[in-house]
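In: quick check, what structure comes out for this input:
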Amino acid sequence: MLKLAILGFLHDRPLHGYELRRHLAALTGHVRPISDGTLYPAIKRLETDGLLVRSTEPGAAAAPRHTLRLTDAGRATLLDRLRTPDDLDVSDENRWFTVLAFLRHLDGEPAAQAAVLRRRLAFLSEPASFFYDGDRPVGAEEVADPFRRGMLLIARATTTAELDWLRTTLTELDRAA
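Out: All right, here's what the predicted structure looks like:
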């Protein structure tokens, strides 16, 4: 998720490390805070892999600032990852939002965008719950605990809204393809 988000934000424009960290925190920080101890080694690995380059510029106050730019290989890696996200990228809500945040980078490829959305639609169309009675998903109406019922009702409302959006967006992408 972090690699995808870094590449996605740098696809938009070059960023200083601090700016990148702010963008990442806005996207995922409330769910999965990203520490410097995680971010900067990830940036270094992407740089070592040739997916981004770092240049040094004079700082506004004192210390020089490092600007990160996506390379052609980084751009290709991002687009490949968006075209074929991992199963977990489609099923995990937080990872899915990261994919959605950058799926627009497949501009000019409505069929590829639609294929990704169809995978999410198929995932959401399978019966699921946070709680089960054997192999059977338990619905909100079957739960006496008001907190668990709340979880299930909120999840149902969110899923219903996402399914509506997916169907509408797929219709638009199919027309564009």
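
In: distance of residue 105 from residue 47?
Out: Look at residue 105 and residue 47: by Cβ to Cβ, to the nearest Å, they are 20 Å apart. For glycine as for every other residue, the C-beta is placed from the backbone atoms N, C-alpha and C.

In: same deal with residue 28?
Out: The value you get for residue 28 to residue 47, if Cβ to Cβ is used, is 21 Å.

In: between those two, which one's more packed in?
Out: residue 28 (19 against 15; other Cβ atoms under 10 Å).

In: check that one and give its pLDDT.
Out: On pLDDT, residue 28 comes in at 75.

In: for it, list the residues it contacts.
Out: Going by Cβ atoms under 8 Å, 6 or more residues apart in numbering, residue 28 touches 1, 5, 34, 94, 97-98.

In: please list the members of these that lie in helices.
Out: 5, 94, 97-98 (DSSP state H).

In: which one of the residues you listed is nearest to residue 121?
Out: Nearest to residue 121 among those is residue 97, at 15.7 Å by Cβ to Cβ.

In: number of residues surrounding that closest one?
Out: Look at residue 97: counted by other Cβ under 10 Å, it has 14 neighbours.

In: gap between it and residue 79?
Out: Taken as Cβ to Cβ, the span from residue 97 to residue 79 is 19 Å.

In: tell me the secondary structure at residue 160.
Out: helix (DSSP: H, G, I helix; E, B strand; the rest coil).

In: make CSV from the contacts of residue 28 and add pLDDT and distance to residue 119 to it.
Out: Formatted as CSV, those follow (pLDDT from 0 to 100; distance: Cβ to Cβ, whole Å):
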residue, pLDDT, distance to residue 119
1, 86, 17
5, 94, 19
34, 77, 26
94, 88, 16
97, 93, 15
98, 94, 15
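
In: hmm, residue 101 and residue 5 touching each other?
Out: Yes: counting by Cβ atoms under 8 Å, residue 101 is a contact partner of residue 5 at 7.4 Å.
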